[in-house]
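Enquirer: Attaching a predicted model along with its sequence, questions to come.
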Amino acid sequence: MKRTLLTLFLAGLLIAACTSAGSTSLVGTWRLVSYGPKDAPSPAVSDANASLTFGKDSSVGGSGGCNSLGGSYEVDGEQINFSEITMTLMACDDTRMAQEGVVTQVLTGTAQYEIEGNKLTLTNDDQVLVFTSAPGSYPASYPYQ
């Protein structure tokens, strides 16, 4: 009897672990760590604090490193569709503007996304944005609603 209960308990833990691994979501704040061509991304501009925050209400906001941005998103499988993205129009140094150009390109239309641990990768055409979950934000495994 004890062996059967132990087996059932362990099976339950295994099922729970698999279920929670599948509930990884975008909700929370992500800090940009690299950007550019997917085969050779560049490190993010160190003092630009580029980030994206995905809300449970399908809103997205953040900064490309120079300008603030906001809009909406919708997840469909491994794709994320961005819509109504608007940005402020400040000019910054060339390095920040180059980074922001890639952010704008990836957030235009539909991108592929992948979350592995605390890393989020967004890919649109041949451009990529790589983020890590920001300390103090929702955990990357916060249930998407």
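Expert: Sure thing, it's come through.

Enquirer: all strands for the chain, in order.
Expert: 28-37, 42-43, 51-54, 59-63, 68-76, 79-87, 110-116, 119-124, 127-133 (DSSP state E).

Enquirer: possible to save these as CSV with distance to Val102?
Expert: C-betas here are computed from N, CA, C, even on glycine. Shown next, in CSV, are these (distance: least, Cβ to Cβ, whole Å):
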stretch, distance to Val102
strand 28-37, 5
strand 42-43, 9
strand 51-54, 13
strand 59-63, 13
strand 68-76, 13
strand 79-87, 13
strand 110-116, 12
strand 119-124, 9
strand 127-133, 5
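
Enquirer: quick one: contacts for the residue nearest to the spatial centre of the chain?
Expert: Per Cα atoms, centre = their mean, the C-alpha nearest to the average position across the chain is that of Leu120, at 4.3 Å. Contacts for Leu120 were tallied using Cβ atoms under 8 Å, 6 or more residues apart in numbering; they are 26, 30, 113-114, 130-133, 140.

Enquirer: and what of Ala134?
Expert: Shown in contact with Ala134 (Cβ under 8 Å, 6+ apart): 28-31, 51.

Enquirer: most neighbours, which of those?
Expert: Trp30 (25 neighbours; other Cβ atoms under 10 Å).

Enquirer: Mind pulling the model confidence for that one?
Expert: pLDDT for Trp30: 97.

Enquirer: Next, find the distance separating it from Asp94.
Expert: Counting by Cβ to Cβ, to the nearest Å, the gap from Trp30 to Asp94 is 24 Å.

Enquirer: pLDDT averaged over stretch 51-62, what's the number?
Expert: The pLDDT scores in stretch 51-62 average 96.

Enquirer: Tell me the buried residues in that stretch?
Expert: Using 16 or more other Cβ atoms under 10 Å as the test for burial, stretch 51-62 gives 51-54, 58, 60, 62.

Enquirer: Quick one: end-to-end length of it, please.
Expert: Using Cα to Cα, to the nearest Å, the end-to-end distance of stretch 51-62 comes out at 5 Å.

Enquirer: By mean pLDDT, flag the weakest helix or strand of this structure.
Expert: Least confident helix or strand, the chain: helix 2-21 with a mean of 42, by mean pLDDT, DSSP states H and E.

Enquirer: Nothing else from me, thank you.
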